[in-house]
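Participant: Build me a structure from this.
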Amino acid sequence: MAVRSATNSGAVPGIPGITNQPTTYTKQSQQTLQITSLTQLQIHNQIGNVTVAADPSATSATITTIKKVKAASSDDANKEFNNISIQVQPPAAPTSVLTINATAPATGNLFGNHNNSVDINITLPASAIAPASAANSSTTSSTQSTAFTLNVTNSVGNISANGLKGIFQLKDDIGDINMQQATLFDSTHVLTGTGNVTFNGDLNTVPLTNGSTPRYKIQSETGNINATLPADTNVILDANTNYGSITSDFPIKATTSDNASNYYGPLNPNSSAGTPVAVLTLNVSTGNVTVHRA
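Facilitator: Residues are numbered from 1 along each chain as shown. Have a look, this model is predicted:
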């Protein structure tokens, strides 16, 4: 059902020559999938927000999409709705990959106003997400045989991930990225071109392959990175900003030169846990890096 949020909101009655401004219309749909095992979730969205959450009480996956268009009438809005494509490919053995693609007609340049967009909200049953074979181990004697992968690419809009554990591959051109109650696995790479990145969670330090160094990279070209980690996190921190500052609740001291700041070394220099086996990279071109201790 299409729902019009305002009726002729841009009209100026009684004044000849002044035309109605476009009204925003929305259309919401929901799909439920029975998923018992999921190794990867792939989402591609052009314009709009993407939210993915794990729910321990959920028994099925729920996909909610909200199309938003600007049009002069409900008839025109319905035409625009039909031009927006949302494709859902359910997971199937043996790969167990869920794929969602949303495309909207081009309505402006990357930095301009966009008339059409799609918000994608996904709730996954926590029991269906592929577990790691050696989760929460800090040794390098074993490797991950299976790990859930979240792969999201977005052009304009925010990305949110809540309560998920696995490999995060998130890329946003313009928008904020927010990860809450998350556990990052080796090979995680999170990047936004223009926007802030917020991470609150922990790190699984089991490597993907024997003898390799687990690595996690969080980047923002223009924006701030705000990371909150457990007090006993034992990793090498590689933090850099070309124009900004680095501040931390952990006992580290960043090196500052002109407007740049960087730090490379243990996040917990006085830790008794031994030599760190993983590297966390927090990289900003223009903006600040802040590390909190939970």
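
Participant: Backbone dihedrals for the closest residue to T241 other than its chain neighbours, please?
Facilitator: Excluding its sequence neighbours, the residue lying closest to T241 (Cβ to Cβ, 6 or more residues apart in numbering) is V284, at 4.2 Å. For glycine as for every other residue, the C-beta is placed from the backbone atoms N, C-alpha and C. When quoted as degrees, to the nearest 10, the phi and psi of V284 stand at phi -130, psi 140.

Participant: per-residue confidence averaged over the strand or helix carrying A53?
Facilitator: Assigned by DSSP states H and E, A53 falls within strand 50-55. Mean per-residue pLDDT for strand 50-55: 98.

Participant: What pairs with whatever helix or strand comes next after that strand, parallel or antiparallel?
Facilitator: Where DSSP H and E defines the elements, the next helix or strand beyond strand 50-55 is strand 61-71. If you go by DSSP bridges, strand 61-71 pairs up with strand 23-33 (antiparallel), strand 117-125 (antiparallel).

Participant: any idea which of those is most buried?
Facilitator: Greatest average neighbour count among the strands paired with strand 61-71 goes to strand 117-125 (a mean of 22), per mean count of other Cβ atoms under 10 Å.

Participant: And it, how far out from the chain middle?
Facilitator: How far strand 117-125 lies from its chain's middle: 12 Å, per Cα atoms, centre = their mean, to the nearest Å.

Participant: Next: stretch 49-63.
Facilitator: Mean C-alpha position of stretch 49-63 versus that of the full chain (Cα atoms, centre = their mean) differs by 14 Å.

Participant: residues making contact with it?
Facilitator: 30-35, 38, 41, 43, 88, 98, 100, 119-129, 150, 152, 154, 157-165, 175 (Cβ atoms under 8 Å, 6 or more residues apart in numbering).

Participant: From what I see, F168 and I159 are in contact.
Facilitator: No. F168 lies out of contact with I159 (Cβ atoms under 8 Å); the separation is 9.7 Å.

Participant: quick check: angle from the strand holding A53 to strand 61-71?
Facilitator: With axes from the mean of the first three to the mean of the last three Cα atoms, to 10 degrees applied, the angle from strand 50-55 to strand 61-71 works out at 160 degrees.

Participant: can you give me the strands for the stretch 101-250 of the chain?
Facilitator: Along the stretch 101-250 of the chain, counting by DSSP state E, counting those that start in this stretch, strands occupy 117-125, 149-156, 159-162, 165-174, 177-184, 188-194, 197-203, 215-222, 225-229, 236-243, 246-248.

Participant: partners of the last one, with directions?
Facilitator: What that stands for is strand 246-248. Strand 246-248 is paired, per DSSP bridges, with strand 289-293 (parallel).

Participant: now the end-to-end length of stretch 30-45.
Facilitator: 17 Å (Cα to Cα, to the nearest Å).

Participant: Tell me where the stretch 1-150 of the chain is predicted with low confidence.
Facilitator: 1-20, 106-114, 131-145 (pLDDT under 70).

Participant: Now for the residue nearest to the spatial centre of the chain: which residues touch it?
Facilitator: By Cα atoms, centre = their mean, the chain has its centre lying nearest to I159, at 3.7 Å. By Cβ under 8 Å, 6+ apart, the contact set of I159 is 49-51, 152, 170, 172, 175-178.

Participant: So which of those wins on neighbours?
Facilitator: I177 (28 neighbours; other Cβ atoms under 10 Å).

Participant: separation between that residue and N226?
Facilitator: According to Cβ to Cβ, to the nearest Å, I177 and N226 sit 11 Å apart.

Participant: which neighbours do the two share?
Facilitator: Shared contacts of I177 and N226 (Cβ under 8 Å, 6+ apart): 196-198.

Participant: Please identify the buried residues of stretch 63-77?
Facilitator: Of all the residues in stretch 63-77, those buried under the rule 16 or more other Cβ atoms under 10 Å are 63, 65-71, 77.
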